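Asker: From the sequence below, what's the structure:
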Amino acid sequence: MSEYSSLLSDLSENITNEDLEQLKSACKEDIPEDQSNAITCSKDWFSYLEKNDKLAQDNLSYIEHIFEISRRPDLLTRVIEYRTTVLKISEDDEIDTKLTRIPSAKKYKDIIRQPSEDEIIKLAPPPKKA
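Answerer: Now for the predicted structure:
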């Protein structure tokens, strides 16, 4: 079993039927209602996303977004771990990739990145009350 298949299997085991309804609702703009009704388990959902180019071994940004808006940080964390350990794509690389898809956004790259320790302004503690 590939690491990607293992990831999907692990995610599927942690998605209940109630979760699945919430995930389908989160991507209702991308899944027509009649097809959404045909999706009865998380494996069907992943298969649909793969067939419609929303999910691939090296393209996980769609499900990351869906897990984020569905408030499933546990699933999001698993996807990010896979991305950083298996695909070797760091958070900075991910920002670079997203920005290169939008040419006008390249100029904002420095604004979006996290500041380094040297760039963070340290505030003095508030004065003690006498």
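
Asker: quick one: low-confidence ranges for the protein?
Answerer: Judged against pLDDT under 70, the low-scoring parts of the chain cover residues 1, 87, 89-116, 119, 130.

Asker: those helices in it, which residues are they?
Answerer: Counting by DSSP state H, the segments of the chain that form helices are 3-13, 17-26, 33-38, 42-51, 61-69, 73-85, 91-101, 109-112.

Asker: Can you name the residues in contact with the first one?
Answerer: Contacts to helix 3-13, defined as CB atoms under 8 Å, 6 or more residues apart in numbering, come from residues M1, C41, S42, K43, F46, Q57, I63, L75, R78, V79, Y82, V86. For glycine as for every other residue, the C-beta is placed from the backbone atoms N, C-alpha and C.

Asker: What angle do helix 61-69 and it make with each other?
Answerer: Helix 3-13 and helix 61-69 are oriented at 30 degrees to each other (axes from the mean of the first three to the mean of the last three CA atoms, to 10 degrees).
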